[in-house]
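1. curious how this folds, go ahead:
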Amino acid sequence: MTHDDVDRFIREHTVVRKVPFLPEIVMHTADEAIPLWEKTEVQTGAANLAPPFWAFPWAGGQGLARYVLDHPDVVHGKDVLDLAAGGGLVAVAAARAGAASVVANEIDPYADAAIALNAEANGVEIRRELKDLLDGATDADVVLAGDVFYSGAMAARMLAFMRRATGATVLVGDPGRAYAPAGMDELASYDIPVIRDLEDADTKHVRILRFA
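-> Numbering: from 1, shown residues only. Sure, this is the predicted structure:
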């Protein structure tokens, strides 16, 4: 699979539309998760792929992006890292809010390609890193992560990375996932419309948390 193949697949199976909770931003968005997931497996010839996180504006990311746009001082003039960026919604918001630089990190080539397309669609510049960063450290001024506490293993690795991000402001958008840690400072909360196909709900209550 080449980058061009992935780029073409995303363009063919998504529509550029406004994000429900962030009308300032557009994303390449799919209509249904399961059919797209199946098509991705067919194209790659691989089974047990991760869900197409990149094709939807998930609640945690929407909440965090909303917070960044409403509080641009958090990122303005700073170097920002968007971890587990999905389609890059939070990264786009940081760029729109005046960040000096934005890096969107993913391990999924489809997400990486979607980030590039979404940056182009919103007229912003985002640098992409397609690799696992969680065992290392960062010199970013701000670390942003939308909806990353969805499994015990992921939560443990994320928290370890956040502890090593000394000197950085670390913000998380969490829609009530089971592995969200206690003791983080809540900065804001939002009730966000979501796709029932993904969340089995019409809205999710999202908290914006600061890692202390």
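
2. Ile191 contacts Lys204, correct?
-> No, residue 191 isn't Ile; it's Asp. Yes - the criterion here is C-beta atoms under 8 Å, and Asp191 meets it with Lys204 at 7.5 Å. All C-beta spots, glycine's among them, are computed from the backbone N, C-alpha and C.

3. looking only at neighbour counts, state which of the two leads.
-> Between Asp191 and Lys204, Lys204 has the larger neighbour count (other C-beta atoms under 10 Å), namely 22 against 13.

4. and the more buried one, what helix or strand is that in?
-> Assignment of secondary structure by DSSP states H and E places Lys204 within strand 203-210.

5. now Lys99: how far from Ala33?
-> Rather than Lys, residue 99 is Ala. 30 Å (C-beta to C-beta, to the nearest Å).

6. so where's the chain uncertain?
-> 45-49, 197 (pLDDT under 70).

7. now the strands: where do they sit in it?
-> Using DSSP state E, the strands of the chain run over residues 15-19, 22-29, 79-83, 101-106, 127-130, 142-146, 169-174, 185-193, 203-210.

8. for the longest one, buried residues please.
-> Residues of strand 185-193 classed as buried: Ala188, Tyr190, Ile192 (neighbour count, 16 or more other C-beta atoms under 10 Å).

9. on that earlier part again, relative to the strand holding Lys204, what are the paired strands and their orientations?
-> Applying DSSP bridges, strand 203-210 is found paired with strand 169-174 (antiparallel), strand 185-193 (antiparallel).

10. so which of Ala99 and Ala33 has more stuff around it?
-> Taking other C-beta under 10 Å, Ala99 and Ala33 do not tie; Ala99 has more neighbours (28 against 16).

11. contact partners for the residue positioned nearest the centre of the chain?
-> Centroid-nearest residue in the chain: Ala85, 3.3 Å away (criterion: C-alpha atoms, centre = their mean). For Ala85, the contact set (C-beta atoms under 8 Å, 6 or more residues apart in numbering) comprises Ala91, Ala104, Asn105, Glu106, Ala111, Ile115.
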